[in-house]
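J.: okay, here's the prediction I keep looking at, along with the sequence it came from:
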Amino acid sequence: MFKTRRQLEVEGKLNIPPHSVYSTAMTAIAKDKIDSVSLYHSDVYYVRAALEKHTGFVIPLPRVEKAMKAEGWNKR
């Protein structure tokens, strides 16, 4: 189910959703439609980095955000 950073790189999936919003955001900026992109709070990236450090797996951003909200996190 979850994959390591290396596995995602080999499959070419590391820089595409749900693991990254970079390509989507850059395309939206080029088309002047940045408001149409759902960007994640920086806390989500920090938690995902900690999870990767402790488990070795890259967890998709939506899953991390959903788990954080289930635990009571909210954007302040």
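T.: The structure has been received and is ready for your questions.

J.: who's in contact with the residue nearest the centre of the chain?
T.: Centroid-nearest residue in the chain, with CA atoms, centre = their mean: Leu61, separated by 3.0 Å. Neighbouring residues of Leu61 by CB atoms under 8 Å, 6 or more residues apart in numbering: Pro17, Pro18, His19, Ser20, Val21, Tyr40, Val44, Tyr45, Arg48. All C-beta spots, glycine's among them, are computed from the backbone N, C-alpha and C.

J.: return the member of the residues you listed nearest to Lys66.
T.: Closest approach between these and Lys66, by CB to CB: Val44, at 9.8 Å.

J.: excluding its backbone neighbours, what's nearest the closest one?
T.: Nearest in space to Val44, with sequence neighbours left out and distances taken as CB to CB, 6 or more residues apart in numbering, is Glu65 at 4.9 Å.

J.: and the host helix or strand of the one you found, which residues are buried?
T.: Using DSSP states H and E, Glu65 sits in helix 61-70. For helix 61-70, a neighbour-count test (16 or more other CB atoms under 10 Å) marks Leu61, Val64, Glu65, Met68 as buried.

J.: please consider this matter closed, and thank you.
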